[in-house]
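Trainee: show me how the following folds:
(4 chains)
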There are 2 protein chains.
Amino acid sequence: MDKRTAQTLADVARLAEVSEITVSRVLRNKGPISERTRERVMRAVRQTGYLPNRIAGTLASAGSSLVGVVLPSLSNIVFPEVLRGIHAALSASGHQPVVGVSDYDEAAEERLVAGLLAWQPAAMIVTGLDHTAATRTLLRRSGVRVAELMDIDAPPIDLAVGLSHRAAGRASVRHLWARGYRRFGYVGHDRGRDRRAGRRYEGLRQALAEAGGGLVGEASVDGPSSAAAGRKALADLLAGGSRPDVVVFSNDDMAVGGVFHCLANGIAPKRELGLFGFNGLEIGEALPLPLSTILSPRFSIGEIAARRILAEPRPAVPESVDTGFEIVAGATA
Amino acid sequence: MDKRTAQTLADVARLAEVSEITVSRVLRNKGPISERTRERVMRAVRQTGYLPNRIAGTLASAGSSLVGVVLPSLSNIVFPEVLRGIHAALSASGHQPVVGVSDYDEAAEERLVAGLLAWQPAAMIVTGLDHTAATRTLLRRSGVRVAELMDIDAPPIDLAVGLSHRAAGRASVRHLWARGYRRFGYVGHDRGRDRRAGRRYEGLRQALAEAGGGLVGEASVDGPSSAAAGRKALADLLAGGSRPDVVVFSNDDMAVGGVFHCLANGIAPKRELGLFGFNGLEIGEALPLPLSTILSPRFSIGEIAARRILAEPRPAVPESVDTGFEIVAGATA
DNA sequence: CTGTTAGCGCCTTCAG
DNA sequence: CTGAAGGCGCTAACAG
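Mentor: Below is the predicted model of the structure:
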């Protein structure tokens, strides 16, 4: 073997003329080591370019620094932003995310969770509170801490970090009602798959009913949300003959498309037709008219969840952290 | 121990009254197993809810199904789309990505690469061809296959999959010149960090010089690209007094902001001012006027790279795969 | 077709 | 402050 490529602790140990365990201790900064020994070891490590084998380390110490992360999608910038928050917290504590994408499919999520648990992760982070019973059982039995992100509208397994989408749906109505809107339209996407959008929709319907109103019309697309989809769906809705004075969109991607439809067709946002989104994406702010929407703290949700799940031991009783949301008045409603 | 939660192969083996290795074989579908034994084992596995420990499996068999992935950013939808392509290919072959985000920092990338190699990954996927010498050495010595994504403008370590950004920059000029534009402006971001944007800029300058033209003005922002940044930078550029008839943006995020600036200020895109982006993001298509841009095959780049890097052994000589790009005529230039 | 033996590379525990 | 022994859970290689 080339002296300049140590594969194992033993190689380094031989070169430094100490035992394996001493090298291990130096590398992990654990236990008392004389300065002289430490330097000898470090020199050998540098000389050989030794890289520790964390697989072996994990097996021996029964605790990996991998964290399983399951996201429903990467197509919508929302989840990469959550992942960014997760990554920020994890890298601060030397952990690394193993990522799975479920494509909003609970059966796929179950397979991903099982696959990720096989890596003996330090913790698991999943999205939402809706899972198959088997997923829930896997997670419970695993013994590792589990964070469920984005949503707090149902009881979590261990820790939920997010906001009440039902409350957000209600808040949109309150906000828009106060501004004089009465004829509500709704434009949605992916019926039945995006559960959180579904909860916002429910909150909207409830609040509307309580206020003595109702939806005058709605339209939706089958696929995932996108500006193109929002643009098309709004066109469909308006072609339908119901004359809404405001349209609530399932999210900002859709709403931005709605704004584009208005701009392209000479409809004045707000004055002629109110447009309201959800998420508070950067793109909405930069629009010729800033989008009226609800800001969800996506980065924070990821960051808080990852930080807390690693810092504390599993408490006796599940907990939900409400990160809240914020209405962005904007100029489109 | 609860009979219903087997932690190890031995637990399952005991219950099924076979040896560990037999359980191992059944679980991995390896070697000849009698139907009777297989069923007995599977029953025990189901009864106990046994989950394999891949850490131990990896150590024993010297080959993990983890793949290290280093991305420069998650804020721009481009990289999540690459990751989506990677994930699609990996999940098809039972691999899982361990993700690191370098934030366009080569020193951070070096740390991430070292950290990821410690998991004995089946392969490494990094972004771009610009790395520290140490990163390059780490990757070379590791012995695993290495894919470098997005860029093919320099020699790769092992396999590069992407497009020539220099060529893309030149292509924008050719396209716009043919359409009669002569007074080119440029709006950029993050000077010196986003190397691929830098290469497109170089290509643009070269092609412009060769055509007998030059930039009449440019503006840039310090931070990452965004619609807000593009909007502001275009405003700055136009306030500067140089009177470009077309502006090339460092990417679509910036260009979309440019379109917004025009819409908000009554400037007619194309007729009064050409606007040209790069990436071909979905949002650009949905704009009231579809953005003129260059489409980069982001999903494919991730998908092809992940698939090839796992399928084939390392060839003797490094290889670059040109995935090409496509000019999208659009309506803004 | 099934089992035995011997590690994978590292870390825990216990001695010195 | 340093080391020796043993084992983490699994699988390769070789028997039978």
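Trainee: now residue A:8: closest residue in space, sequence neighbours ignored.
Mentor: Distances taken as CB to CB, 6 or more residues apart in numbering or on different chains put residue A:53 closest to residue A:8, at 7.3 Å, once the chain neighbours are dropped. For the C-beta atoms, the positions are set from N, CA and C on the backbone; glycine is no exception.
Trainee: interface residues of the stretch 101-250 of chain A facing DNA strand C?
Mentor: Neighbours of DNA strand C within the stretch 101-250 of chain A, by CB under 7 Å from any atom of the strand: none found.
Trainee: need the contact partners of whichever strand or helix holds residue A:188.
Mentor: Assigned by DSSP states H and E, residue A:188 belongs to strand A:184-189. Strand A:184-189 is contacted by residues A:173, A:176, A:197, A:201, A:204, A:208, A:213-226, A:229-230, A:233-234, A:237, A:242, A:244, A:246-251, A:254, A:258 when judged by CB atoms under 8 Å, 6 or more residues apart in numbering or on different chains.
Trainee: chain B next: which of those residues are close?
Mentor: A:226, A:230 (CB under 8 Å from any CB of the partner chain).
Trainee: quick one: buried ones out of the contacts of strand A:184-189?
Mentor: Buried members of the contacts of strand A:184-189, counted by 16 or more other CB atoms under 10 Å in any protein chain shown: A:173, A:176, A:197, A:201, A:204, A:208, A:213, A:215-221, A:224-226, A:229-230, A:233-234, A:237, A:244, A:246-251, A:254, A:258.
Trainee: so which of those are in helices?
Mentor: Counted as lying in helices by DSSP state H, out of the buried ones among the contacts of strand A:184-189, are A:173, A:176, A:197, A:201, A:204, A:208, A:229-230, A:233-234, A:237, A:254, A:258.
Trainee: show me what from the stretch 151-300 of chain A comes close to chain B.
Mentor: A:226-228, A:230-231, A:256-257, A:260, A:263-264, A:282-283, A:285-289.
Trainee: and the residue nearest to residue A:158 when sequence neighbours are not counted, what does it touch?
Mentor: Closest residue to residue A:158 apart from its sequence neighbours, by CB to CB, 6+ apart: residue A:146 at 4.3 Å. Residues near residue A:146 by CB under 8 Å, 6+ apart: A:123, A:124, A:125, A:126, A:139, A:156, A:157, A:158, A:159, A:309.
Trainee: mind running it again at 7 Å?
Mentor: A:124, A:126, A:139, A:157, A:158, A:159 (CB atoms under 7 Å, 6 or more residues apart in numbering or on different chains).
Trainee: who does it form a beta bridge with?
Mentor: As for beta bridges, residue A:146 partners with residue A:124 under DSSP bridges.
Trainee: what pLDDT does it get?
Mentor: Looking at residue A:146, its pLDDT stands at 97.
Trainee: re the thing from before, of the residues of the stretch 151-300 of chain A next to chain B, select the buried ones using a PyMOL command.
Mentor: In PyMOL, this line selects whichever of those come out buried by 16+ other CB under 10 Å:
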select buried, chain A and resi 226+227+228+230+231+256+257+260+263+282+283+285+286+287+288+289
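Trainee: so which of the residues of the stretch 151-300 of chain A next to chain B sit within strands?
Mentor: In strands, defined here by DSSP state E, there are no members of these.
Trainee: ok, now how distant is the residue nearest to residue A:158 from chain B?
Mentor: Distance, residue A:146 to chain B, using CB to the nearest CB, to the nearest Å: 15 Å.
Trainee: distance of that residue from residue B:89?
Mentor: Relative to residue B:89, residue A:146 is positioned 28 Å away (CB to CB, to the nearest Å).
Trainee: try residue A:214
Mentor: Taking CB to CB as the measure, residue A:214 falls 47 Å from residue B:89.
Trainee: for DNA strand D, give me its nearest residue in the stretch 151-300 of chain A.
Mentor: residue A:158 (22.3 Å; CB to the nearest atom of the strand).
Trainee: now do the same contact list for that residue.
Mentor: A:145, A:146, A:314, A:318.
Trainee: looking at those residues, which is nearest DNA strand C?
Mentor: For the contacts of residue A:158, the nearest to DNA strand C is residue A:145 (19.2 Å; CB to the nearest atom of the strand).
Trainee: off-centre distance for stretch A:146-157?
Mentor: 12 Å (CA atoms, centre = their mean, to the nearest Å).
Trainee: can I get the CA coordinates of it in CSV?
Mentor: Extracted in CSV, the C-alpha atoms of stretch A:146-157 (Å, rounded to 0.1, in the frame of the first residue of the first chain):
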residue,chain,number,x,y,z
VAL,A,146,-39.3,12.3,14.3
ALA,A,147,-40.2,15.8,13.1
GLU,A,148,-43.2,16.4,10.9
LEU,A,149,-43.0,19.6,9.0
MET,A,150,-45.2,22.3,7.6
ASP,A,151,-48.5,21.3,9.3
ILE,A,152,-49.9,21.4,12.9
ASP,A,153,-53.5,20.6,12.1
ALA,A,154,-53.4,17.1,13.5
PRO,A,155,-51.6,15.3,16.4
PRO,A,156,-47.9,14.6,15.5
ILE,A,157,-45.9,11.4,16.2
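Trainee: could you export the strand holding residue A:188 as PDB, CA atoms only?
Mentor: C-alpha atoms of strand A:184-189 as PDB (Å, rounded to 0.1, in the frame of the first residue of the first chain):
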ATOM      1  CA  PHE A 184     -65.100  34.600  -3.700                       C
ATOM      2  CA  GLY A 185     -63.600  32.400  -6.300                       C
ATOM      3  CA  TYR A 186     -61.000  29.600  -5.800                       C
ATOM      4  CA  VAL A 187     -58.400  28.200  -8.000                       C
ATOM      5  CA  GLY A 188     -56.700  25.000  -6.900                       C
ATOM      6  CA  HIS A 189     -54.400  22.200  -8.000                       C
END
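Trainee: run the chain-centre distance for it.
Mentor: Chain-centre distance of strand A:184-189: 24 Å, with CA atoms, centre = their mean.
Trainee: next, count neighbours for residue A:28.
Mentor: Neighbours of residue A:28 under the rule other CB atoms under 10 Å in any protein chain shown: 11.
Trainee: ugh, wrong one, residue A:265
Mentor: 12.
Trainee: against DNA strand C, how distant is the nearest residue to residue A:329 once chain neighbours are set aside?
Mentor: Among residues not flanking residue A:329 along the chain, residue A:292 sits closest, at 6.2 Å (CB to CB, 6+ apart). Applying CB to the nearest atom of the strand, to the nearest Å, the value for residue A:292 to DNA strand C is 53 Å.
Trainee: check residue A:253 too.
Mentor: In terms of CB to the nearest atom of the strand, residue A:253 sits 45 Å off from DNA strand C.
Trainee: over to residue A:201?
Mentor: Distance of residue A:201 to DNA strand C, given as CB to the nearest atom of the strand: 50 Å.
Trainee: related to what we said a few turns ago, partner strands of the strand holding residue A:188, with direction?
Mentor: Short version: by DSSP bridges, strand A:184-189 pairs with strand A:215-221 (parallel), strand A:246-249 (parallel).
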